[in-house]
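**Q** sequence first, predicted model second:
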Amino acid sequence: MGAIVGRAARAAFVWLSELDRARVYEQPAGSSGRSARDWVADVGCVALAVAWAVPLIVWFAAQNAGAGPLEVVSVVLGVASCALLWVRRQWPVPVALIMLPIGLISPLAIVSTSIAIFTVAVHASVWMTVALTVAHTVTAALYYQVWGQELTLTRLLMAALITTALSSWGMFIGVRRRLLDSLRDKARRTEEDALARADQARRAERTRIAREMHDIVAHRISMVSLHAGALEFRKDLDRETIDRTLALIRTSAHQAMIELRGAIGVLRQRGDHDEFDGGLLSRPSMAGLPALIAEAAEAGIEVIAEFDPARFAEVGGSSGRTAYRVVQEALTNAAKHAPGSAVRVRITGEPGEGMDISVRNTRGGAGPASWARGSGTGLIGLEERTALAEGRFHAGGTGDGGFAVEVWLPWRE
């Protein structure tokens, strides 16, 4: 019979250990190691239990010179209960369960049992805390029967009041700790999300500035390349034409440097502001298309404009800026990859229905060869711009060997 009871006890302890590892109740944070605060608390709890047990041991020795087996067992279990408090953080429920038979016999374990109940209430689930509170209340009531004392209603209520107060206090501390941990975790996640959003915003801003730099600088440098190529290709130019072309090269290069410096200035600035503030970067619109086309024509590109500049100058917002960049990039590509070609710029549309932009160039004719090979980033940037403006983009070769860029953009009333 004793062997069966022993095996059952071992099985129960193993089962409780599995519950502990499976986190049926909440393990205390950092249970694998004690912090400085934990060391102070654990040493204090053990010292408090010992401070309660030692005077009782002395009193037992003085009152009971011929102590019986029950007294001896009581002292041994009381000392064991003090030692068990050292592992109460790692095994709160098993320690509280072991305290049940100890508390039934040993008055030396009153403080140890109280601390064990409190620990369970802090770390375990509610149902486990309630169950062990009731069990320890019953054990406290049976204690009087074991020692042959009368169990009065006052004693029963006192035992219930003490265990309930300990459990309530422990559950309050546990809830408060979990709440503070949750708030710390939420604050940490909020800070990480804010940093991630800020990093994403910075990346998006840098991408947008890089796109602006490409559209601005590439166009200016293409104009410089076109003029320089014309000087190299045309040996019969008179001095006046050469001087005018050199002046255009100088002007385009100077303008490219100014706009590039503005873009770099935006990258160096800190704080939340629009990168167009203060004129660091130009804010293009369809009102600037006539000047853009005139500049291309002055560079030697044959441009045929089929739109009313005054009518479309009122188109603003992202649609107006995107339309300007589409025409600018198409003219730049024509100058780079199809020198000597004719470029037709056609814009139609109505407010509320949208506008169609078509820029087509013919096959390149005789002219200076381009100094750069296209990487495709300009067209990719245009497609991204068009998508951001809620438009549609298409670019590709035409049947006659030319190239066409066709875009639809919204034109809100």
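**A** Cool, got the structure.
**Q** kindly confirm my reading that Asp185 is in a helix.
**A** Yes. Note on Asp185: a helix contains this position according to DSSP: H, G, I helix; E, B strand; the rest coil.
**Q** the helix or strand encompassing Ile357 pairs with which strands?
**A** Assessed by DSSP states H and E, Ile357 sits inside strand 354-361. Strand partners for strand 354-361, identified by DSSP bridges, are recorded as strand 342-350 (antiparallel), strand 403-409 (antiparallel).
**Q** mind listing what's buried in the helix or strand following that strand?
**A** Downstream of strand 354-361, the next assigned helix or strand under DSSP H and E is helix 377-388. In terms of neighbour count (16 or more other C-beta atoms under 10 Å), helix 377-388 has its buried residues at Gly378, Leu379, Gly381, Leu382, Glu383, Arg385, Thr386. In short, each C-beta sits where N, CA and C put it, glycine included.
**Q** pLDDT for those residues - can I get that in a markdown table?
**A** Supplementary listing: these in a markdown table, determined by pLDDT from 0 to 100:
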| residue | pLDDT |
| --- | --- |
| Gly378 | 73 |
| Leu379 | 81 |
| Gly381 | 78 |
| Leu382 | 82 |
| Glu383 | 86 |
| Arg385 | 83 |
| Thr386 | 88 |
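**Q** who touches the strand holding Ile357?
**A** Residues outside strand 354-361 that contact it (C-beta atoms under 8 Å, 6 or more residues apart in numbering) are 312, 315, 319, 323, 326-327, 330-331, 333-334, 338, 341-349, 391, 398, 402-411.
**Q** selecting buried members of those residues in ChimeraX, what would you type?
**A** The buried subset of the contacts of strand 354-361, as determined by 16+ other C-beta under 10 Å, is captured in ChimeraX by this line:
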select :312,315,319,323,326,327,330,331,333,334,338,341,342,343,344,345,347,349,391,402,403,405,406,407,408,409,410,411
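**Q** re the thing from before, so what's the gap between the strand holding Ile357 and the chain middle?
**A** Relative to its parent chain, strand 354-361 has a centroid offset of 41 Å by C-alpha atoms, centre = their mean, to the nearest Å.
**Q** next one: stretch 198-217
**A** On C-alpha atoms, centre = their mean, the centre of stretch 198-217 falls 21 Å from the chain's centre.
**Q** CA-only coordinates of the helix or strand containing Val138 in CSV, if you can.
**A** Element membership of Val138, judged by DSSP H and E, is helix 126-146. Taking only C-alpha atoms (Å, rounded to 0.1, in the frame of the first residue of the first chain), the coordinates of helix 126-146 have been written out as CSV:
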residue,chain,number,x,y,z
VAL,A,126,-6.9,32.6,-11.0
TRP,A,127,-8.4,29.1,-10.9
MET,A,128,-5.2,27.6,-9.5
THR,A,129,-5.0,30.4,-6.9
VAL,A,130,-8.6,29.9,-5.8
ALA,A,131,-8.1,26.2,-5.5
LEU,A,132,-5.0,26.4,-3.4
THR,A,133,-6.5,29.1,-1.3
VAL,A,134,-9.5,26.9,-0.4
ALA,A,135,-7.1,23.9,0.2
HIS,A,136,-5.0,25.9,2.6
THR,A,137,-8.0,27.2,4.4
VAL,A,138,-9.2,23.6,4.9
THR,A,139,-5.7,22.6,6.0
ALA,A,140,-5.7,25.4,8.6
ALA,A,141,-9.0,24.2,9.9
LEU,A,142,-7.8,20.6,10.1
TYR,A,143,-4.6,21.7,11.9
TYR,A,144,-6.6,22.3,15.1
GLN,A,145,-8.0,18.7,14.9
VAL,A,146,-4.5,17.3,14.5
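**Q** same question for that helix: list its buried residues.
**A** Within helix 126-146, the residues scored as buried using 16+ other C-beta under 10 Å are Met128, Thr129, Leu132, Thr133, Ala135, His136, Thr137, Val138, Thr139, Ala140, Tyr143.
**Q** that helix - contacts with which helices or strands?
**A** Where contact means 3 or more C-beta pairs under 8 Å, 6 or more residues apart in numbering; DSSP states H and E, helix 126-146 is packed against helix 92-105, helix 110-123, helix 153-233.
**Q** the longest one: what's the following helix or strand?
**A** Translated: helix 153-233. Scanning the chain past helix 153-233 towards its C-terminal end, the next helix or strand to appear is helix 239-268 (assignment: DSSP H and E).
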